[in-house]
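In: coordinates only, sequence not included:
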């Protein structure tokens, strides 16, 4: 099955397929948005809703039908059953609803994330923002630009901008203003904006912002699709050692990183 996977990855068929799957998951999620969704609390104190679970079920079933036998590491399955002991050579990383807290609060910045990992590196990824019906898709070619579309419309190519004289940072909403200001300044940004989810990677990828530093812990499914998108657009996601953020780490957890545009 990896032969089919690799052929579809090279041809662009895989990127189109996972974009369609993520957009269908977005359609599952949207009826729950701003509809007083019932919220449960998982063991790690993070929220989960029926929208998360239904979207993940759709994604997993569709990926398994297209590419049977490829390992899938998905947020809600890991919460219920624990993380796999080891990552395989090829595997999916899936966050069916990234930014659940913002989703519950009625904000627009929640996303659906699907990424394909090969030997620890994201080689394809799609991020969908259901509230704005927007999709960003990055494939194995690095630096040439990413594809972005509104649902049902043709793809457009976008890429990172050259770093401006006054670069802008995106920071997690979970940080205090003082923490965010210090972290933004550390990366040369005098101005910053708080935002939920992997949308931060996409806004850097399309040239609207320049840096997203993160010190607090994240899971690999939070970042993999966004990293695939940003790298395809000409950006970088680097760990504390200045190396590309890698995947398949113990417990599928990330350390500090910074996402950068041009």
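Out: Okay, I see it. Because the structure is a prediction, the values reported are computed rather than measured.
In: Can you give me the distance of the closest residue in space to residue 260 that isn't next to it in sequence to residue 101?
Out: Spatial nearest neighbour of residue 260, chain neighbours left out: residue 236 (5.0 Å); criterion: C-beta to C-beta, 6 or more residues apart in numbering. Heads up, the C-betas are built off the backbone N, CA and C, glycines and all. Per C-beta to C-beta, to the nearest Å, residue 236 is found 27 Å from residue 101.
In: Would you mind telling me which of those two has the busier surroundings?
Out: Remark: of residue 236 and residue 101, residue 236 carries more neighbours, 20 against 15, as counted by other C-beta atoms under 10 Å.
In: List phi and psi for that one.
Out: phi -140, psi 150 (degrees, to the nearest 10).
In: hey, where'd the helices end up in the stretch 151-262 of the chain?
Out: Taking DSSP state H, counting those that start in this stretch as the test, the helices found in the stretch 151-262 of the chain are 177-186, 199-205, 220-232.
In: Out of these, flag the one nearest residue 129.
Out: The closest of the helices of the stretch 151-262 of the chain to residue 129 is helix 199-205. By C-beta to C-beta, the value is 5.9 Å.
In: Off-centre distance for the closest one?
Out: Here helix 199-205 shows a centroid-to-chain-centroid distance of 9 Å under the convention C-alpha atoms, centre = their mean, to the nearest Å.
In: circling back to that earlier point, comparing the helices of the stretch 151-262 of the chain, which comes out most buried?
Out: Greatest average neighbour count among the helices of the stretch 151-262 of the chain goes to helix 220-232 (a mean of 30), per mean count of other C-beta atoms under 10 Å.
In: Done for today, thanks.
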